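Undergrad: Any chance you can model this:
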Amino acid sequence: MLKIRLRRMGARNRPYYRIVVSDSRSTARAEVLEELGSYDPVPNPPALSFDRERARHWIGLGADVSPTVRSLLERPEPAPAAPAASPAASA
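TA: Reported below is the predicted structural model:
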């Protein structure tokens, strides 16, 4: 059975996670089928970037989702940043 879960990376006291699809019977450090994105909980606000379409694809194929990844999936997608006004345009 497939599972979408977090893989812990980073240093001690500085966690960084990758969102991966892997076999549920293997450890979280084992080979993965696909990396969907990353999650960095340290900055304020936490940095989250992953391919939601690929996540939906794997869920459609029957992949289980860990509770933490499910809560990340339910977060609203960040709005694209507005382009900064150039100084020449205001003059």
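Undergrad: model confidence over stretch 57-77, on average?
TA: The pLDDT scores in stretch 57-77 average 90.
Undergrad: Okay, helices next: where are they in the protein?
TA: Secondary structure of the chain, counting by DSSP state H: helices at 52-60, 67-73, 87-90.
Undergrad: where along the chain do the strands fall?
TA: 2-11, 14-23, 34-40, 47-50, 64-65 (DSSP state E).
Undergrad: who touches the nearest residue to residue 1 once chain neighbours are set aside in this structure?
TA: The shortest distance from residue 1 to any non-neighbouring residue, by Cβ to Cβ, 6 or more residues apart in numbering, is to residue 24 (4.7 Å). Placement of C-beta: from N, CA and C, glycine included. For residue 24, the contacting residues are 1, 2, 3, 64, by Cβ atoms under 8 Å, 6 or more residues apart in numbering.
Undergrad: and of the strands of the chain, who's closest to residue 76?
TA: Proximity to residue 76, assessed across these by Cβ to Cβ, is greatest for strand 47-50 (10.6 Å).
Undergrad: I'd like the distance from the closest one to the chain centre, please.
TA: In this view, strand 47-50 has its centroid 5 Å away from the chain centroid, taken as Cα atoms, centre = their mean, to the nearest Å.
Undergrad: Now tell me what touches it from outside.
TA: Looking at what lies outside strand 47-50 - Cβ under 8 Å, 6+ apart - the contacts are 19, 36, 37, 38, 39, 40, 72, 75, 78.
Undergrad: Could you export these as CSV, including distance to residue 13 and neighbour count?
TA: Formatted as CSV, these follow (distance: Cβ to Cβ, whole Å; neighbours: other Cβ atoms under 10 Å):
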residue, distance to residue 13, neighbour count
19, 21, 27
36, 25, 21
37, 23, 17
38, 18, 17
39, 17, 18
40, 14, 15
72, 21, 20
75, 24, 9
78, 26, 10
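Undergrad: Nearest to residue 10 among these?
TA: Minimum distance to residue 10 across those is 8.3 Å, recorded for residue 40 (Cβ to Cβ).
Undergrad: That closest one contacts residue 17, correct?
TA: Yes - here residue 40 reaches residue 17: they are 7.5 Å apart, a contact under Cβ atoms under 8 Å.
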